[in-house]
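Colleague: Provide a 3D model corresponding to the input given below.
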Amino acid sequence: MDDILRALSAPTRREILRLVRDDEMTAGAIAARFEVSRPAVSEHLRVLRETGLVSERREGVRRWYRARPERLDQVRAYLDQFWRDSLEDLRLAAEAEQNAQREASSGAA
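Modeller: Numbering: from 1, shown residues only. Sure, this is the predicted structure:
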């Protein structure tokens, strides 16, 4: 998981993932979307490929990239655990507040 989170820490890599989330794109088409050099984009693609966040398909001299949703699902599951924990804490706090209000109103009656 650490390698994936490191890969996602770079804004350019996150943008590349967004580009190839739904459609397969060539390396050249991806590189054309950025103001950085083509070798820099190639390096970002290499990191994404090595972490399993994108797949690469070769067709002649072209390389096509597409996001691998199953790897992104792993990241989401990891991050969701923090959200679930926070929601559970919020639910418990709300219930405690509601119980305190009931006790206060029943004691005042």
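
Colleague: okay, CA-based contacts and neighbour counts for the rest of this
Modeller: Noted.

Colleague: which parts of the lowest-mean-pLDDT helix or strand in the chain are buried?
Modeller: None of the helices or strands of the chain scores lower by mean pLDDT, DSSP states H and E than helix 69-108, at a mean of 81. If you call a residue buried by 16 or more other C-alpha atoms under 10 Å, then helix 69-108 has these buried ones: residue 72.

Colleague: in terms of secondary structure, what does it contact?
Modeller: Using 3 or more C-alpha pairs under 8 Å, 6 or more residues apart in numbering; DSSP states H and E, no helix or strand is in contact with helix 69-108.

Colleague: could you pull up the residues touching residue 34?
Modeller: Counting by C-alpha atoms under 8 Å, 6 or more residues apart in numbering, residue 34 makes contact with residue 41.

Colleague: confidence score at it?
Modeller: Per-residue confidence (pLDDT) for residue 34: 95.

Colleague: and the gap between it and residue 61?
Modeller: 21 Å (C-alpha to C-alpha, to the nearest Å).

Colleague: over to residue 93?
Modeller: Residue 93 is 59 Å from residue 61, by C-alpha to C-alpha.
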